[in-house]
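Enquirer: need a 3D model of the following:
(one chain, ligands or ions: 1)
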Amino acid sequence: MPVMFINDQPVDTGEHRTVLQVALANGFYVPHFCWHPELSIVGNCRVCVVEQEGRGVGIACNMPVAEGLRIQTESEPVRAQRKAMLQFILLNHPVDCGICDKAGECTLQDYHYAYNGAPALSHEPKLHSTKFFPLSERIILDNERCILCSRCVRFTREISKSNVLGMEQRGDGMRVRPVEDRTLDDDPYSDNVIDLCPVGALLSRSFQYQARVWYLEPTASVCPGCARGCTVQLWHRRHEWRLKGLDGSHNERILRVTPLENPRVNGAWICNKGRDLGALFGRPRAGQALLKGRPVLLAEAIDAARRLVRGAGRRVALVSSWGSNEELRAFRNALADRFTSFVKADHRPGEGEVVEDDLLIRADKNPNTHAAQALFGNAPADIPDDTELVLVWGEGADFSTLPRGAKIVHLGAWLQPENGYADVFIPISIQTERHGHYTSFEGVVSAFEPCQRRPEGVIDAETLFPLLAAPPGSDT
Ligand code: FES
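Expert: You can find the predicted model right below:
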């Protein structure tokens, strides 16, 4: 491999093709706006300048590596050029960081402090542009903050391939706009441009003005929206910044979802359905155990379920494809020999939802079908008429199709009318309240962590299954 020198240190260029890649891979930070590892190189922001011995400054993102190349990343000419570029980029920028959702994560803010830190040299009034341009139902564009790096445009051309965005006009009138009569609503991956935007120009409508990012922290999780198993970060309030005077639910809410980069599964991206997990996990929870709709203590419901498991003749279980690997194993170890088990699709494609594509989205809208079918097979549910007990775990079962005479034990997490229809209803925890793993359709196992408290009266399915296998009257 060729060896080059960065700040007089010899570095192996490895597989990298540009100076910027080599520098970043070897711990020499070079600022950059328009360059992104997953996108083509355009070289239009000019802040990634470095000095090449004997040849002056040039942009590192498009500078090929070569044997013996000598580069300085922080020399006086380099810092002077970066300062000049930041003065230029900020010429018409509103510098409204105090009300900008990107504050705290904005590289323009960081680079300004690192390389410029000076008031504007220009005495001309700033030119104004469009504020709050509705790019889609999900995204607002602030053209005054946009630095025209074109990352968003390249994303729609090279990754999502919706080709929705382009640039119009020239000079200081240049703006990002949807192409002709297209809209970013047509792109099921559109929200990735919010993360890609290095400044606060592209904003999520659902997250706008909800929280300053320094009050939040991410929890690693897995999107349960389909069998791909994209890894995500669920953002919620930090413990030390919990609100005391307002509705406590603000402290529990998932305020935004971003990709957790994972080369084996989803790369740097997730689809818009994954961005909406806050709403999915924020649905009204079931927290009350029921016997035929009558509220009872959890222990009483567990004991009633035990009696049914012991006393019934033919027993069938509809196993959840949202159960974690740990829960599925717990069910197999404790109860599988007492039931004929079928794996059920808890969720199916919703109206208007993209069913499948060749980027990330899978037709199976459940996160753990792979692991469930590995344990319980993939036969379609076939419930004989003489079945005496049906155990329904999770969502997606049509209760009207179950045998009329069968008793029903339902393990569910959400407030739903059928909870009161079951002979025994036991409320169970959801993914955001416990540790666990899902196995993607490709067999990749990914972990999720808890970020919300399990409500009173709710039990983890992994704990519940051994309890159901115990004799009636045993401790719970
Ligand atoms: Fe190199 Fe923008 S990152 S020119």
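Enquirer: tell me where the stretch 101-250 of the chain has strands.
Expert: Under the criterion DSSP state E, counting those that start in this stretch, the stretch 101-250 of the chain carries strands at the ranges 133-134, 139-141, 165-168, 175-178, 202-204, 216-222, 231-237.
Enquirer: tell me the pLDDT of the residue in the chain sticking out farthest from the centre.
Expert: What lies farthest from the middle of the chain is residue 54; by CA atoms, centre = their mean that is 46.2 Å. Note on residue 54: pLDDT of 90.
Enquirer: rewinding a little: mind checking which of the strands of the stretch 101-250 of the chain is nearest residue 331?
Expert: Among the strands of the stretch 101-250 of the chain, the nearest to residue 331 by CB to CB is strand 216-222 (19.4 Å). Any C-beta I mention is one placed from the backbone N, CA and C, and that applies to glycine too.
Enquirer: before we move on, the earlier item: possible to save the strands of the stretch 101-250 of the chain as TSV with mean neighbour count?
Expert: Converted to TSV, those look like this (neighbours: other CB atoms under 10 Å):
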stretch	mean neighbour count
strand 133-134	15
strand 139-141	23
strand 165-168	16
strand 175-178	20
strand 202-204	23
strand 216-222	20
strand 231-237	23
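Enquirer: need those in TSV (columns: distance to the ligand and mean pLDDT).
Expert: Below are the strands of the stretch 101-250 of the chain laid out as TSV (distance: least, CB to the nearest ligand atom, whole Å; pLDDT from 0 to 100):
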stretch	distance to the ligand	mean pLDDT
strand 133-134	24	94
strand 139-141	20	97
strand 165-168	15	96
strand 175-178	16	96
strand 202-204	17	97
strand 216-222	26	98
strand 231-237	25	97
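Enquirer: let's have those strands in JSON lines, adding distance to residue 189.
Expert: Listed next are the strands of the stretch 101-250 of the chain as JSON lines, based on distance: least, CB to CB, whole Å:
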{"stretch": "strand 133-134", "distance to residue 189": "19"}
{"stretch": "strand 139-141", "distance to residue 189": "12"}
{"stretch": "strand 165-168", "distance to residue 189": "12"}
{"stretch": "strand 175-178", "distance to residue 189": "15"}
{"stretch": "strand 202-204", "distance to residue 189": "13"}
{"stretch": "strand 216-222", "distance to residue 189": "18"}
{"stretch": "strand 231-237", "distance to residue 189": "14"}
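Enquirer: just the buried positions in the lowest-mean-pLDDT helix or strand in the chain, please.
Expert: Using mean pLDDT, DSSP states H and E, helix 249-252 stands out as the lowest-scoring helix or strand of the chain, at a mean of 83. Applying a neighbour-count criterion of 16 or more other CB atoms under 10 Å, one finds 251-252 buried in helix 249-252.
Enquirer: what residues does stretch 381-388 touch?
Expert: Outside stretch 381-388, the residues that touch it by CB atoms under 8 Å, 6 or more residues apart in numbering are 312-316, 318, 342, 344, 390, 401-403, 405-407.
Enquirer: any of those buried? List them.
Expert: Among the contacts of stretch 381-388, those classed as buried by neighbour count (16+ other CB under 10 Å) are 312, 314-316, 318, 342, 344, 390, 402-403, 406-407.
Enquirer: which pair in those residues spans the largest distance?
Expert: Between any two of these (CB to CB), the greatest distance is 19.2 Å, for 312 and 344.
Enquirer: tally of neighbours for the spatially closest residue to residue 416 that is not a sequence neighbour?
Expert: Once flanking residues are discounted, residue 416 sits nearest to residue 286: 7.3 Å by CB to CB, 6 or more residues apart in numbering. As a burial measure, residue 286 scores 22 neighbours (other CB atoms under 10 Å).
Enquirer: now do residue 452
Expert: Neighbours around residue 452, by other CB under 10 Å: 21.
Enquirer: ok, now residue 34?
Expert: Residue 34: 22 neighbours (other CB under 10 Å).
Enquirer: same check, this time on residue 6
Expert: Residue 6: 21 surrounding residues under other CB under 10 Å.
Enquirer: use 696 as the first number for this chain going forward.
Expert: Sure thing, new numbering starts at 696, so read that last one as residue 701.
Enquirer: touching, it and residue 717? I think so.
Expert: Yes - between residue 701 and residue 717 there is a contact under CB atoms under 8 Å: 7.1 Å.
Enquirer: other residues contacting stretch 813-827?
Expert: 778, 782, 785-789, 835-839, 841, 867, 870.
Enquirer: gap between the two ends of that stretch?
Expert: One end of stretch 813-827 sits 28 Å from the other (CA to CA, to the nearest Å).
Enquirer: phi and psi next, for residue 742.
Expert: Torsion angles at residue 742 (phi, psi; degrees, to the nearest 10) stand at phi -90, psi -10.
Enquirer: one more: residue 1052?
Expert: phi -150, psi -180.
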